[in-house]
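Generate coordinates for the sequence data below:
(one chain, ligands or ions: 1)
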Amino acid sequence: MEVVIYPDAERVARHGAGLVEAMLKVKPDAVFGFATGRTPIALYRRLVERHRTGAVSFARTTSFNLDEYLGIPADSPQSYRSFMDREFFDHVDIERENTHLPACAEGENPQRVGPAYEARIRAAGGIDLQILGIGHNGHIGFNEPSSSLASRTRVKTLTRRTLEANGRLFAADEFQPRLAITMGIGTIMEARRILLLATGAAKAAAVAGLVEGPVTAMCPASALQWHERVTVLLDEAAAAQLRYREYYDLAHRENRALKERFGDFYAPE
Ligand code: GLP
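Take a look at the predicted model:
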């Protein structure tokens, strides 16, 4: 696991956007796994800026989002589809039919959505780069604590803590879904490369669990310790509870020196 700590959230976004851009250079038809939440917004903004200058194109890419609420229509402003359109898809050249979310249409059996979504990911050749945030309780996607580390895309009930954290986006009289369909931890682990972003002091405990804690279903993000290619980008506040902080900085400096000497090795499958 590569852990890189920056003084602020802006640098985190810049590094994250740089990795997306590097992926596009070697694989213009890359398959991306996208995340919602406040954290990746700065990264999406940077990518939109880079797209406007003509530096990057998403025209040949495909995307699969981690999760979607169950019980609100896709065109609701609260849906993750709307979030992605608003924050990213509407501002870049990705083909809308190539953007996927695990949404359940009105009247559809939600239990069928997961297996169909998995089949679509497989048909696209799997995810090249998965972007992740992290919940206060260590969730990734909507895999709440106690989620099986082998789980696949399915319906999940949200914890009270998650409902409270995400409740800020809903008006008092507005319906807030208590269920969502999320890629499973097993699904996320199949991405060839993973980029997790965390910023702010509220994420410090979850980040410590992810990087230095035991691998446990009680901190779903800790499963990433078993993944071969994970980059964790943090700001100072989110890194505050890491015990090996000094080592991560040292390793980052060494890795950077290697890259300067030998180039940035990146070979997608
Ligand atoms: C939601 C999403 C996660 C996201 C998390 C943190 O619950 N399902 O994918 O990582 O919230 O969100 P934020 O970045 O707003 O803190």
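
can you tell me how far the residue in the stretch 101-250 of the chain positioned nearest to the ligand sits from residue 102?
Across the stretch 101-250 of the chain, the shortest distance to the ligand (Cβ to the nearest ligand atom) belongs to residue 133, at 2.6 Å. In short, each C-beta sits where N, CA and C put it, glycine included. Counting by Cβ to Cβ, to the nearest Å, the gap from residue 133 to residue 102 is 17 Å.

now swap in residue 90 and tell me
20 Å.

Quickly find the element holding residue 156.
strand 154-157 (DSSP states H and E).

Could I get the contacting residues of residue 33?
Contacts for residue 33 (Cβ atoms under 8 Å, 6 or more residues apart in numbering) come out as 63-66, 127, 129-132, 183, 188, 191.

Counting only helices, which of those make the cut?
residue 188 (DSSP state H).

So which of the contacts of residue 33 wins on neighbours?
For the contacts of residue 33, neighbours were counted using other Cβ atoms under 10 Å, and residue 183 has the most, 30 neighbours in all.

How about the residue nearest the centre of the chain: what's its closest non-neighbour residue?
When Cα atoms, centre = their mean is applied to the chain, the residue found nearest the centroid is residue 132 (1.9 Å). Once flanking residues are discounted, residue 132 sits nearest to residue 196: 4.3 Å by Cβ to Cβ, 6 or more residues apart in numbering.

quick one: the strands in the stretch 101-250 of the chain?
129-132, 154-157, 179-182, 193-198, 230-235 (DSSP state E, counting those that start in this stretch).

possible to save those strands as CSV with mean pLDDT?
CSV is the format used below for the strands of the stretch 101-250 of the chain (pLDDT from 0 to 100):
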stretch, mean pLDDT
strand 129-132, 98
strand 154-157, 98
strand 179-182, 98
strand 193-198, 98
strand 230-235, 98
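
ok, back up a step: burial measure for the residue of the stretch 101-250 of the chain closest to the ligand, as a count.
Around residue 133 there are 22 residues (other Cβ under 10 Å).

Also the one 3 residues further on?
Residues near residue 136, counting by other Cβ under 10 Å, number 16.

Residue 174 now?
12.

and what of residue 171?
9.

Likewise for residue 96?
Neighbours around residue 96, by other Cβ under 10 Å: 8.

go on, the one 4 residues further on?
With neighbours defined by other Cβ under 10 Å, the count for residue 100 comes to 19.

what's the answer for residue 207, then?
26.

Helices along the stretch 151-269 of the chain, start to end?
Using DSSP state H, counting those that start in this stretch, the helices assigned to the stretch 151-269 of the chain run over residues 160-167, 185-189, 204-212, 245-262.

of all those helices, which lies closest to residue 229?
Of all the helices of the stretch 151-269 of the chain, helix 185-189 sits nearest to residue 229, with 11.0 Å by Cβ to Cβ.

any idea of the mean pLDDT in the closest one?
Helix 185-189 shows a mean pLDDT of 98.

and residue 220, how many residues sit next to it?
30.

Just give the nearest non-adjacent residue to it, would you?
Nearest non-adjacent residue to residue 220 (Cβ to Cβ, 6+ apart): residue 143, at 4.3 Å.

And for residue 125, nearest residue in space, chain neighbours not counted?
residue 31 (6.1 Å).

next one: phi and psi at that neighbour?
phi -110, psi 120 (degrees, to the nearest 10).

which ones are touching it?
Neighbours of residue 31 in contact, by Cβ under 8 Å, 6+ apart: 61-64, 121, 124-129.

Looking at these, spot the one nearest residue 6.
Looking across these and measuring by Cβ to Cβ, the closest to residue 6 is residue 129, at 19.4 Å.

is it true that residue 12 touches residue 195?
No - here residue 12 does not reach residue 195: they are 10.3 Å apart, not a contact under Cβ atoms under 8 Å.

Mind listing the shared neighbours of the two?
residue 233.

so who does residue 215 touch?
149, 222-223, 225-226.
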